[in-house]
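[1] Just the structure for this:
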Amino acid sequence: MLLVTQFLVAQDKQNLQKGNILYKKQEYDKATEEYKKAEEKKKTPQTSYNLGNALYKSKKIDEAEKAYDNSLEEADNNLKAKAYYNKGVALQQQKKLPECIEAYKNALRINPDDAEARQNLQKALQQQEQQQQKQEQKQQQQQQQEPKPQKSKLTPKQVEQYLQSIREKEKQVQQRVAKQRVSTPRQPEKDW
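    Numbering: from 1, shown residues only. The predicted model follows:
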């Protein structure tokens with residue numbers, strides 16, 4: 001049992017090292033494969049973090065975000081701060097600004113001296129503010145484009161008089177129709 005465990009740990013480290021070498025060579029897809037193999041054997045925060053970096057460089061940003069989340073579970077504070085920062089970058093790429101801002105804040109809670117996280121947080125906050133301003137402008141434009149109901153130029157008294165005249169005309173029409181019914185003789189039925 002002990003030998004099998006040691007063999008798996010050695011293979012895990014071997015895959016992790018291969019992944020690191022491939023990552024340095026900018027062969028991110030191959031590095032991703034090695035990190036995934038290492039994760040299958042033994043999932044560690046460092047492996048998940050490295051996998052996240054390789055996925056990000058391979059433009060698989062959704063998957064990278066998940067890998068960073070996995071690395072946060074048992075990581076030390078140094079790695080957690082880096083993972084939150086990288087997660088923030090991935091979220092910012094996807095225009096998920098509220099989540100991005102929260103990730104940067106978490107990174108700064110762990111490492112308040114991280115100047116890059118602070119800068120990126122400021123940029124994300126500015127982007128969010130610009131986004132909100134654009135939405136407000138669109139809403140204002142839509143409200144301006146909507147036709148406004150026109151106020152009636154008639155007074156309530158005039159409206160009532162108008163309705164009364166319509167009622168009178170309707171009565172007159174009904175009376176004419178009734179007279180025509182009475183005055184029009186029916187044709188006799190044919191008697192065969």
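[2] From Ala67, how far out is Lys30?
    Noted for Lys30: a distance of 16 Å to Ala67, by CB to CB, to the nearest Å. All C-beta spots, glycine's among them, are computed from the backbone N, C-alpha and C.
[3] Look up the closest residue to Glu39, ignoring the ones flanking it.
    The shortest distance from Glu39 to any non-neighbouring residue, by CB to CB, 6 or more residues apart in numbering, is to Thr47 (5.1 Å).
[4] Glu99 too?
    Nearest to Glu99 is Leu91, by CB to CB, 6+ apart, at 4.8 Å.
[5] what about that neighbour, which helix or strand?
    helix 77-93 (DSSP states H and E).
[6] Who are the packing partners of that helix?
    helix 45-57, helix 61-72, helix 97-110, helix 115-145 (3 or more CB pairs under 8 Å, 6 or more residues apart in numbering; DSSP states H and E).
[7] And the contacts of that helix?
    45-46, 49, 52-53, 56, 61, 64-65, 68-69, 71-72, 75, 97, 99-101, 103-104, 106-107, 110-111, 114, 116-117, 120-121, 123-124, 127 (CB atoms under 8 Å, 6 or more residues apart in numbering).
[8] Helix or strand with the lowest mean pLDDT in this structure?
    Ranked by mean pLDDT, DSSP states H and E, the helix or strand of the chain with the weakest confidence is helix 2-24, at a mean of 68.
[9] List the buried residues in the host helix or strand of Ala178.
    Assigned by DSSP H and E, Ala178 belongs to helix 156-183. For helix 156-183, the neighbour count (16 or more other CB atoms under 10 Å) marks no residue as buried.
[10] from the chain's centre, how far out does it sit?
    60 Å (CA atoms, centre = their mean, to the nearest Å).
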